[in-house]
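# Provided below are the primary sequence and the corresponding predicted coordinates.
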Amino acid sequence: MQSEKSCPIIAKHIRVALVGQPNVGKSMLINSVADAHLHVGNFSGVTVDKTEILFDYNDYKFNVVDLPGTYAFTDYTIEERVTHDYLCAEDYDIIVNVVDSTNLEKNLQLTAELLTMNKKVVIALNMSDEAKKEGIEIDEKYMSELLGVPCIKVSAATKEGIEELIAAVISEFENPKKDPKLIFSEAVEEEIETIVHYLQKHKYEAKNSYRNIAINLLKNNKKTYERIHNNPIWTELQPIVIEASKHIELHHDSDDMKEAFAQEYASFNRGIITEVVKQEVKKEKKTLTQQIDSVLIHPIFGIPIFLFFMWGLFQLTFELGSIPMDYIDGFFGWLGDVVGSSIPNDDIRSLVVDGIIAGVGAVVLFVPNIVILFIGIALLESTGYMSRVAFLLDGFFHKFGLHGQSFIPLVTGFGCSIPAYMSARILKNDRDRLLTLFIIGFMSCGARLPVYVLFAGAFFSEEMAGNVLFAIYITGALLGLIAAKVLKLTAFKGVDEPFVMEMPKYRLPSFKLIWHTVVTKTYMYLKKAGTFIAGASMLVWFLSNYPHNLELKQTYETKIQKAHAQEQKDILANEFAQKHLEQSYLGSIGKFSEPFFEPLGLDWKMSVALQTGLAAKEVVVSTLGVLYSLGSDVDEENSSLANIIKNEIPFASAVAFIVVIMIYLPCLAASIVFTREAGGIKYFFYLLAFTSITAYVMAFIAYRVALLF
Amino acid sequence: MKTLFDCKRGDVVEVVKLHANSEFKQRLISFGILKGAKVKMLEYAPAKSTIEIQVGKMNIALRAEEAKMIEVE
């Protein structure tokens, strides 16, 4: 490993794999152990990557890999796969298994599986302070003895037992590995004994203990099979293993060895629990979580309450977010002026001011909205409310082939598609996630709003424009649901994925955790989208400015000089801008693609606007502004652009234009994030084809229908 | 056959058998839903499309179709 080379030789390296079920406070524990600044947090289900934390303790260099939370080794979710693959294939010294002391029995199910892995294990009994409050008492010394591995009481919250945990890890590291005491039922023990006996008789050479090999053979462990498969004893051993498996299956009345072993673990764990856990008998009282649940997931009031929360979040996102937006906008305007006046060269100034500063400014402008949206989502997630919403909505979403948990990415999509694509990670199942990723674009993002505002304002009265805007959003969402259904019936055909989900206890959100999530996500947004948008803006700038036509320029310059009235000069300047644009690369592209867009009633100018919109929707309005000869300094408030649009663009064409904007790719930055989240460039091409064809067909229909009016 | 779906709010039942394919069985087992486990019915979503149960100390949401695969008594 890399880190080994860079560290002094005297220090000893301990590589620790941190494993636990979801919601056991693993991230918090690692925070208090390492006092570390995590590079990326692992919040229940949001981050699926493993995180590496390095810290020193006395003469030891700790290298802790924080693996995603996993219920069991079933390879069902991405988290489980990441964790399982790491534990099986990677090189590490010790597993630290974090368990929730308040829910020991269920947590031990994973522990039992870890104990069969032939690795050194230390168990951290986390949340011991909460357990104490709930009247649960765990005899950790006796537990260590029964399991044959050290069990340490810790609390990430009060930092209790952290030193002891590190000491236990070091002592395990220094001492030779002992076999854990995992005891099965008599029926299984007999079969293990038979296999062990056979291995002893033939003096089979192996690193692992015979007992461990026997257990793994019975569990159908692939690796163990592969190793022993090539040994000559296999021909004789195989029938013995098959026979043994049959006995065990018969004993458990199951045709599934995994189920049989799960039951074995469960009864072993029940035994451990009765021995080491003492719990005060409490009256059957509704827990706080159940009380809150009886309101929040009430069959009648549940959904209205949720809608109210969502409405509140949107109000905050847009109302509160718009306050700093004016300042940011002002700042970039000021920056453009200051920087612009210090650059003498026309071309470079234009590139910096109109290209880079304007483009990056447009992205930074949305940071307040994004921060608020992220805080809202982090609150939903960390309090445990998100699972409740998935519970409430699953019935409705399921009708469209979606999963209850799809709602978070979809709702986020109204703000910006980029975080929406990222938040689709909460969907555990690949197919559900892909389907959701494909329809996020149908939820109109904030960057499309200016286009809608411009067109709605141009064709409808002020009172109607708001309703039209709302209708556009709703239509987009409905189209998305229909698209989901169509995709589900065609591309993502298959058995419905089961919906089994933990409803975690309600928790008060930790300020630190939310702060951390929001800062990380915002930084990523600024970095990824910012660098990208800067590049795209430069490209659009270049394409719309070059090639320079000197002859044209001179003709207009003389004309402008001759003109007397300022008004006339402006008109001429605009005319020049338009002529110049027409012969630019962008203009050529527009003219070239015009025939393709003709069936939709779109002229070359609208075609170009749609194509620049592929880079970012913010560009659409400014492109239209340039093309309809107002100069690029327009925004949606500019009523004269609205007037020009009203006069020059037929209503039916405008409808088709809006339909395309609603459906086709959000922007290039989002497309890049989509490609990464979907897991391959081929998915990007599927998405491109899917959205483009849908947009084209829908716009064609809309155009033809609108012509009738 | 009585399944989890037939239970009413507050019922406590014991799992008898899982009538599911191997993959889904594993999923249920990883949540602690296996033979011999005690399950308590807590809440339903509208139209009983989704149910919430309690197994051990954990609350779990399940779809109606999935609840019908879990035989209880």
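Here it is on my side, so go on. Given the structure is predicted, the values throughout are model-derived calculations rather than measurements.
# what about A:Y327, neighbour count?
Neighbour count of A:Y327, defined by other C-beta atoms under 10 Å in any protein chain shown: 10. Glycine gets a C-beta too; all of them are placed from N, C-alpha and C.
# next SSE after the host helix or strand of it?
Secondary structure from DSSP states H and E places A:Y327 in helix A:321-341. Downstream of helix A:321-341, the next assigned helix or strand under DSSP H and E is helix A:346-350.
# List the residues that contact A:A131.
Taking C-beta atoms under 8 Å, 6 or more residues apart in numbering or on different chains, we find A:A131 in contact with A:S101, A:T102, A:L125, A:E137, A:I138.
# which one of those residues is nearest A:L624?
Of all the contacts of A:A131, A:T102 has the smallest distance to A:L624: 59.3 Å, by C-beta to C-beta.
# who's in contact with the closest one?
A:M127, A:E130, A:A131, A:E134, A:I136, B:K57.
# which residue packs closest to it, ignoring adjacent ones?
Nearest non-adjacent residue to A:T102, counting by C-beta to C-beta, 6 or more residues apart in numbering or on different chains: A:A131, 4.9 Å away.
# for that neighbour, helix, strand, or coil?
Counting by DSSP: H, G, I helix; E, B strand; the rest coil, the backbone at A:A131 sits in helix.
# Check the gap between it and B:F24 for me.
Noted for A:A131: a distance of 32 Å to B:F24, by C-beta to C-beta, to the nearest Å.
# ok, now A:L147?
Taking C-beta to C-beta, one finds A:L147 at 30 Å from B:F24.
# Show me where the stretch 201-350 of chain A dips below the pLDDT cut-off.
A:281-285, A:314, A:317-318 (pLDDT under 70).
# at 80 instead, please
Along the stretch 201-350 of chain A, the model assigns pLDDT under 80 to residues A:207, A:223, A:280-287, A:310-311, A:313-322, A:325-326, A:329.
# The closest residue to chain B within it - how many residues pack around it?
Nearest residue of the stretch 201-350 of chain A to chain B: A:A262, at 4.3 Å (C-beta to the nearest C-beta). By other C-beta under 10 Å, the residues close to A:A262 number 25.
# quick one: contacts for it?
A:A262 neighbours (C-beta under 8 Å, 6+ apart): A:Q109, B:Q26, B:I29, B:L34.
# need the residues you listed in JSON lines with neighbour count, secondary structure and pLDDT, can you?
Below are the contacts of A:A262 laid out as JSON lines (neighbours: other C-beta atoms under 10 Å in any protein chain shown; DSSP: H, G, I helix; E, B strand; the rest coil; pLDDT from 0 to 100):
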{"residue": "A:Q109", "neighbour count": "22", "secondary structure": "helix", "pLDDT": "89"}
{"residue": "B:Q26", "neighbour count": "22", "secondary structure": "helix", "pLDDT": "83"}
{"residue": "B:I29", "neighbour count": "26", "secondary structure": "helix", "pLDDT": "86"}
{"residue": "B:L34", "neighbour count": "22", "secondary structure": "coil", "pLDDT": "87"}
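# May I ask which two of these are separated the most?
Greatest spatial distance among the contacts of A:A262 (C-beta to C-beta): A:Q109 and B:Q26, at 11.6 Å.
# How about the contacts made by residue 19?
Since you didn't name a chain, this refers to chain A. Counting by C-beta under 8 Å, 6+ apart, the residues that A:V19 touches are A:L67, A:T70, A:T83, A:L87, A:I95, A:V96, A:N97, A:V98, A:L110, A:L114.
# oops, I was thinking of chain B
Contacts of B:H19 by C-beta under 8 Å, 6+ apart are B:M69, B:I70, B:E71.
# Show me what residue of chain B gets nearest to chain A.
B:S49 (3.0 Å).
# unless I'm mixing things up, that residue is touching A:H398, no?
Yes. Under the contact definition of C-beta atoms under 8 Å, B:S49 touches A:H398, with a separation of 7.1 Å.
# Around chain B, which positions in the stretch 451-600 of chain A sit nearby?
A:D496, A:P498, A:F499, A:V500, A:M501, A:E502, A:M503, A:P504, A:K505 (C-beta under 8 Å from any C-beta of the partner chain).
# and A:L410, what helix or strand is that in?
helix A:407-412.
# I'd like to know if that helix reaches chain B anywhere along the stretch.
No. Against chain B, helix A:407-412 shows no contacts by C-beta under 8 Å from any C-beta, the least distance being 13.3 Å.
# got the CA positions of the helix or strand following that helix in CSV?
Later in the chain than helix A:407-412, the nearest helix or strand by DSSP H and E is helix A:417-423. The C-alpha trace of helix A:417-423 is given here as CSV (Å, rounded to 0.1, in the frame of the first residue of the first chain):
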residue,chain,number,x,y,z
SER,A,417,-30.2,18.0,-11.7
ILE,A,418,-26.7,17.6,-10.4
PRO,A,419,-27.4,17.0,-6.7
ALA,A,420,-30.4,15.1,-7.8
TYR,A,421,-28.3,12.6,-9.7
MET,A,422,-26.0,12.3,-6.7
SER,A,423,-28.8,11.8,-4.3
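# And the helix or strand that helix A:417-423 is followed by, what does it pack against?
Downstream of helix A:417-423, the next assigned helix or strand under DSSP H and E is helix A:430-440. On a contact count with 3 or more C-beta pairs under 8 Å, 6 or more residues apart in numbering or on different chains; DSSP states H and E, helix A:430-440 meets helix A:407-412, helix A:417-423, helix A:462-489, helix A:668-678, helix A:681-707.
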